[in-house]
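Colleague: Predicted coordinates and the sequence they were generated for:
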Amino acid sequence: MANNPSYLRTPEESKETVFTTVVHRIPDLIYLGDDKILAFAERRKTTNDASTVALDMRTGKVNRNKESNPEVTIKWSELKPVTKAHLHGCRPMNPCPVYEKNSKTLFLFFICVKDGVSEQWQIEHHTNETHLCYIKSTDDGQNWSEVTVFTENELVEIKQWDTMAVGPGHGIQMESGRLIVPLYAYYRENSSRPFALCLYSDDRGKTWTLGNKLTTDSLECEMAEVFDDEGKSRIYCNARHTKYRVEAVSEDGGKEFGTANSVEKLVDTGCQGSVVSFPDQSELQPVHNKWLLFSHPTDTSKRVNLGVYLNKSPQDPTKWSKPSIINSGPSGYSDLAYIDDGWFVCLMECGKLIETEQIACRIFSYNDVEQAIAE
């Protein structure tokens with residue numbers, strides 16, 4: 001599977017560096033509509049997780065050429081530190097944006113971890129030194145609110161965790177209006193094993209509730225809304241595991257997920273991956289029908305050759321396509337955004353020698369993917 005990938009026709013020159021001036025890791029994208037897109041990343045002193053010092057952001061304007069040879073480009077702004085994403089004595093990590101379309105409010109979720117404390121130390125000592133936080137903006141990220149920190153009184157489940165993290169990657173808004181933020185936590189009562197779950201809101205982000213965890217060990221995750229044959233909404237979760245990715249489906253908007261299963265068509269090298277749903281691109285286009293696109297390094301043992309996988313039947317884990325490579329060579333974390341009209345953006349860690357040299361974006365169309373996997 002991963003040893004014989006197809007390659008997208010999009011030229012390598014279409015890859016554009018978005019974060020590179022210092023060490024950046026953990027790419028995150030959010031498309032706001034109206035050709036507005038935002039990119040986030042952790043700024044670090046080194047590639048070590050414990051060296052993060054701030055979250056940075058760049059805003060983008062999508063430009064569309066719809067003539068005989070359609071082309072989409074993004075004009076990126078200058079880099080801007082997200083200074084409000086901060087708690088004294090802590091480092092901000094794992095940016096995870098979600099957009100509430102009705103009030104046009106952008107939420108940026110993240111965690112703040114006590115300086116000098118690693119995730120492994122928290123697990124070994126059963127001591128949670130991680131704070132779940134968010135800031136919000138009503139002007140597309142130009143200005144941000146003060147930070148909101150969830151307490152054990154608001155989310156009593158926090159008392160059960162040794163540590164936790166959001167995403168990383170984007171959150172989603174369901175067609176019903178519910179906001180969903182993916183996260184995972186190490187549960188003390190389960191011998192400090194990790195499980196994916198979600199945080200959701202039905203009142204445009206005023207109050208938040210935690211759903212129940214997946215039924216099997218699962219780490220960094222992303223979620224997407226799909227629909228069954230009768231048009232009923234489902235929340236699809238794709239999570240990091242060991243040899244293969246884990247996926248699960250919720251029929252009640254993320255409150256409870258059914259049995260989580262390994263997907264042998266999606267290899268996992270111990271790396272985060274991204275998933276988005278998008279409208280059925282066939283000529284039939286049934287009402288509400290959506291397909292899935294998933295990005296992840298395709299090698300079975302190394303973080304190389306980032307590929308995208310297509311599933312036109314999200315209810316069936318055997319229907320994932322072979323991977324189509326969008327970045328050959330060292331590749332790490334990624335985040336996908338669907339920007340309408342059959343076009344996608346992928347923000348990804350990549351480089352010539354190692355995957356942490358830069359964070360770049362690739363723009364490609366559904367037709368590019370379909371043509372590549374057909375070869």
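Modeller: Received, thanks.
Colleague: so where is the stretch 201-350 of the chain shaky, pLDDT-wise?
Modeller: Per-residue confidence of the stretch 201-350 of the chain (counting by pLDDT under 70) places the weak regions at 285-287.
Colleague: Longest helix of this structure, counting residues only.
Modeller: Taking DSSP state H as the criterion, the chain has its longest helix at helix 366-374.
Colleague: Can you mark which positions in that helix are buried?
Modeller: Residues of helix 366-374 classed as buried under the neighbour-count rule (16 or more other CB atoms under 10 Å) are Y366, D368, V369, A372, I373. For glycine as for every other residue, the C-beta is placed from the backbone atoms N, C-alpha and C.
Colleague: Stretch 353-368 too?
Modeller: Buried residues in stretch 353-368, counted by 16+ other CB under 10 Å: 355-366, 368.
Colleague: chain center to that stretch, what's the gap?
Modeller: Its chain's C-alpha centre lies 15 Å from the corresponding centre of stretch 353-368 when counted by CA atoms, centre = their mean, to the nearest Å.
Colleague: out of the buried residues of helix 366-374, who's nearest T21?
Modeller: Of all the buried residues of helix 366-374, the one sitting nearest T21 is D368; the distance, using CB to CB, is 29.7 Å.
Colleague: who's in contact with L199?
Modeller: When contacts are counted by CB atoms under 8 Å, 6 or more residues apart in numbering, L199 is found next to F109, L132, L155, V166, I180, V181, L183, W208, T209, L210, G211.
Colleague: can you map out the helices along the stretch 1-150 of the chain?
Modeller: Per DSSP state H, counting those that start in this stretch, the stretch 1-150 of the chain has helices spanning 119-125. These are given in chain order.
Colleague: Can I get the buried part of the contacts of L199 as one PyMOL selection?
Modeller: Buried members of those can be picked out in PyMOL with the line below, counting by 16+ other CB under 10 Å:
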select buried, resi 109+132+166+180+181+183+208+210+211
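Colleague: that older thread, the longest helix of the chain packs against which elements?
Modeller: Under the contact criterion of 3 or more CB pairs under 8 Å, 6 or more residues apart in numbering; DSSP states H and E, helix 366-374 touches strand 6-7, strand 304-311, strand 324-338, strand 343-350.
Colleague: For the longest one, name the packing helices and strands.
Modeller: Helices and strands touching strand 324-338, as assessed by 3+ CB pairs under 8 Å, 6+ apart, comprise strand 6-7, strand 23-33, strand 274-279, strand 290-297, strand 304-311, strand 343-350, strand 358-365, helix 366-374.
Colleague: quick one: buried residues of the longest one?
Modeller: By neighbour count, and taking 16+ other CB under 10 Å as the criterion, the buried residues in strand 23-33 are V23, H24, R25, I26, P27, D28, L29, I30, Y31, L32.
Colleague: Can you tell me which of those residues is nearest K15?
Modeller: Within these, proximity to K15 (CB to CB) peaks at P27, which comes in at 13.0 Å.
Colleague: What's opposite the nearest residue in space to the closest one that is not next to it in sequence in the beta bridge?
Modeller: Using CB to CB, 6 or more residues apart in numbering and skipping the chain neighbours, the partner closest in space to P27 is L347 (4.0 Å). Beta-bridge pairing of L347, defined through DSSP bridges, involves D335, C361.
Colleague: Just confirm L347 contacts D28, I think it does.
Modeller: Yes: between L347 and D28 there is a contact under CB atoms under 8 Å: 7.1 Å.
Colleague: Overlap in contacts, the two.
Modeller: Between them, L347 and D28 share the contacting residues A39, D335, judged by CB under 8 Å, 6+ apart.
Colleague: measure D162 to T269 for me?
Modeller: Between D162 and T269 the computed distance is 25 Å (CB to CB, to the nearest Å).
Colleague: quick one on the thing from earlier: so can I have JSON lines of the helices and strands packed on strand 324-338 showing distance to K136?
Modeller: Written out in JSON lines, the entries for the helices and strands packed on strand 324-338 read as follows (distance: least, CB to CB, whole Å):
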{"stretch": "strand 6-7", "distance to K136": "40"}
{"stretch": "strand 23-33", "distance to K136": "13"}
{"stretch": "strand 274-279", "distance to K136": "22"}
{"stretch": "strand 290-297", "distance to K136": "27"}
{"stretch": "strand 304-311", "distance to K136": "31"}
{"stretch": "strand 343-350", "distance to K136": "21"}
{"stretch": "strand 358-365", "distance to K136": "24"}
{"stretch": "helix 366-374", "distance to K136": "32"}
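Colleague: Alright, calling it a day.
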